[in-house]
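Engineer: Pasting the sequence and the predicted model now:
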Amino acid sequence: MTGRARNDLLNKAYFKEQKGIKILHLKGSPYEMGYQHGHLLAAKIELMVKRTLLATAAYAAQQTGSDLERAEEMICIGQQKAEPFIPREFKDEMRGIADGAKDAGADVTMQDILLWNTNYDQWCIYAHPHYWQCDGKSNTHGKTNSKANSPIPVTSGGCSSFCAWDEWAGGDGKLIFGKNEDNFNMPEQLDNRMMVIADPDEGFGHAFMTYPGMIGLDGGLNEDGLEMMTQLNSMQDESMQGCGIAIFTRYLLTHAGTVDDAIKIFRDTPRAAGIAYHVADAKSKEAAVVETSSKMVSVRYPMENVKALWQTNHSNCYPGWMGYSGYNMVADQVKVNALKDISTIENWQNSLKDPYNFYVQAPSRFERYGQLIHQYYGRINVENAIKILSDCYDPYTRMVRPINFPSWTNNILCTICALYPDFAYQAKEPVGKFKAHIANMWSLIAYPETGDLWLAIKDFPAQYGGYEYFNLREMLSSLR
């Protein structure tokens, strides 16, 4: 690429801080958007792949009882398993990131970028490391990996969302979507959270949150009125041989205009770790939660006459529950989440409430969303959406989690506004020993049809730093 061509390409994009929030604006073909991303954020990307990936290996090591060398080997094998399934446009974008960062002086390779973009799929796989082995080898000092000889995984709740519309939302009835992304504050990540505004040559302009060097993460919204959210929903049938949350985030935001478009993409595309994808089309006021594993896709729609939908981190695709009919995805979670009895809906719900279950992902939040959606019936506007996403009440214990007091376990005081205890890790140098915990990494409220959005991303939990207003259409217009 000549100097002039490079300058023309980079002049289409920019990175700046607005209202205290880092925002990356990209425009062009997949490769061009990747190159802009890589060149503008080269130093930050190098930090992610040289520091944060070491923390990922430390997490995998602790989850599986492996040493750091074995953990690094496992995550590299996972990346190799996933690579053949990356759609061409997104592999081109990753190649652009690697080339742009290298041209800007960063010590970054394409292999680094490929590995970094599987980071959260591997986090989901190793959130419960008992049912997938990357190469059939032992992860626990010569023994076959099983619950009998593996360490209990650390607390690992994460992510929740809701949407509401028409008379349930109130006001003019527009569809409102709210979501919290919960994850670890691994080294270097809090200071590098950012929103990306992407204007691809082919497909819809869209917004999403992520980190430097990563093409996507937990969903966002597009200019056609579609919003989506990704949520850990662990299943016994998981693999790295498929697409994960970064790929599906960008796939849907770029190409899906309806809920049916989104469902077709999930059914037609090989999938990796168990994830629940909350999808809503604000134009038609339709919504669904698509629960996926490497083998199955099940779809849960709102209950009859209920114009709202919510999701947390356990399956709700149980026949007869909240109007759902179809394959029982809960059965594929029994071993993963250590559920004692799912023979009836009542027994399943009681099993979810076991306070010392260290595997199930904070199911009390699902119940609390239901309470709040009904409490604010007809008044689910931005002000009350912030209250919902910032809620610290645990309906199981009937206690409020104090603002700076972490939850006790996966199932005691785990609230919609998440804050978990610190865990100690040992990574390779230069990271070395560090502590990390889960809390809300960012929180987003949006009216997808108009592009109005309110983003909290400046604190941890993010809600504590307040929400800032932006408009997707206005931000896209600055690129056009």
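Structural biologist: Good, I have the coordinates. Residues are numbered from 1 along each chain as shown.
Engineer: Can you report how many residues lie near the closest residue to residue 75 other than its chain neighbours?
Structural biologist: Spatial nearest neighbour of residue 75, excluding adjacent residues (C-beta to C-beta, 6 or more residues apart in numbering): residue 122 at 5.2 Å. The way it works is simple: take the backbone N, C-alpha and C, and place the C-beta from them, glycine included. By the measure other C-beta atoms under 10 Å, the count of residues near residue 122 is 26.
Engineer: Can you tell me the SS state at residue 122?
Structural biologist: helix (DSSP: H, G, I helix; E, B strand; the rest coil).
Engineer: Am I right that it is in contact with residue 77?
Structural biologist: No. Using C-beta atoms under 8 Å, residue 122 is not in contact with residue 77, being 10.1 Å away.
Engineer: still on that earlier bit, now do the same contact list for the residue nearest to residue 75.
Structural biologist: Shown in contact with residue 122 (C-beta atoms under 8 Å, 6 or more residues apart in numbering): 56, 60, 75, 78, 79, 240.
Engineer: Just among the residues you listed, which is most surrounded?
Structural biologist: residue 78 (27 neighbours).
Engineer: right, and that residue touches residue 118 too?
Structural biologist: Yes. The pair residue 78 / residue 118 is scored as a contact, 6.0 Å apart, by C-beta under 8 Å.
Engineer: so what's in contact with these two at the same time?
Structural biologist: residue 240.
Engineer: farthest pair in the contacts of residue 122?
Structural biologist: 56 and 240 (13.5 Å; C-beta to C-beta).
Engineer: Domain boundaries for the protein, per the record?
Structural biologist: 3-126, 160-477 (automatic domain parsing).
Engineer: With distance to residue 133 and mean pLDDT as extra columns, can I get the ones you listed in TSV?
Structural biologist: Shown next, in TSV, are the domains of the chain (distance: least, C-beta to C-beta, whole Å; pLDDT from 0 to 100):
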stretch	distance to residue 133	mean pLDDT
domain 3-126	9	95
domain 160-477	10	95
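Engineer: closest to residue 135 out of the ones you listed?
Structural biologist: Of all the domains of the chain, domain 3-126 comes closest under C-beta to C-beta, at 5.4 Å.
Engineer: how long is that closest one end to end?
Structural biologist: 44 Å (C-alpha to C-alpha, to the nearest Å).
Engineer: now the helices: where do they sit in the stretch 51-200 of the chain?
Structural biologist: Along the stretch 51-200 of the chain, counting by DSSP state H, counting those that start in this stretch, helices occupy 53-64, 68-82, 88-103, 110-116, 119-126, 166-169.
Engineer: Can you name the residues in contact with the fourth one?
Structural biologist: Applying C-beta under 8 Å, 6+ apart, the set of residues contacting helix 110-116 from outside is 45, 48-49, 52-53, 75-76, 79, 83, 86, 94-95, 97-98, 101, 213-214.
Engineer: what's the spacing between that helix and its chain's center?
Structural biologist: 19 Å (C-alpha atoms, centre = their mean, to the nearest Å).
Engineer: can you check the second one too?
Structural biologist: Here the centre of mass of C-alpha atoms in helix 68-82, compared against the chain's by C-alpha atoms, centre = their mean, lies 21 Å away.
Engineer: Put the alpha carbons of that helix into PDB.
Structural biologist: In PDB, the C-alpha atoms belonging to helix 68-82 read as follows (Å, rounded to 0.1, in the frame of the first residue of the first chain):
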ATOM      1  CA  LEU A  68       0.900 -22.100  32.400                       C
ATOM      2  CA  GLU A  69       2.700 -23.900  29.600                       C
ATOM      3  CA  ARG A  70      -0.100 -26.400  29.200                       C
ATOM      4  CA  ALA A  71      -2.700 -23.600  29.500                       C
ATOM      5  CA  GLU A  72      -1.000 -21.600  26.700                       C
ATOM      6  CA  GLU A  73      -1.000 -24.800  24.600                       C
ATOM      7  CA  MET A  74      -4.700 -25.300  25.200                       C
ATOM      8  CA  ILE A  75      -5.800 -21.900  24.200                       C
ATOM      9  CA  CYS A  76      -3.600 -22.000  21.000                       C
ATOM     10  CA  ILE A  77      -5.200 -25.400  20.100                       C
ATOM     11  CA  GLY A  78      -8.600 -23.800  20.700                       C
ATOM     12  CA  GLN A  79      -7.700 -21.000  18.300                       C
ATOM     13  CA  GLN A  80      -6.500 -23.500  15.700                       C
ATOM     14  CA  LYS A  81      -9.800 -25.400  16.000                       C
ATOM     15  CA  ALA A  82     -11.800 -22.200  15.500                       C
END
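Engineer: No further queries at this time; thank you.
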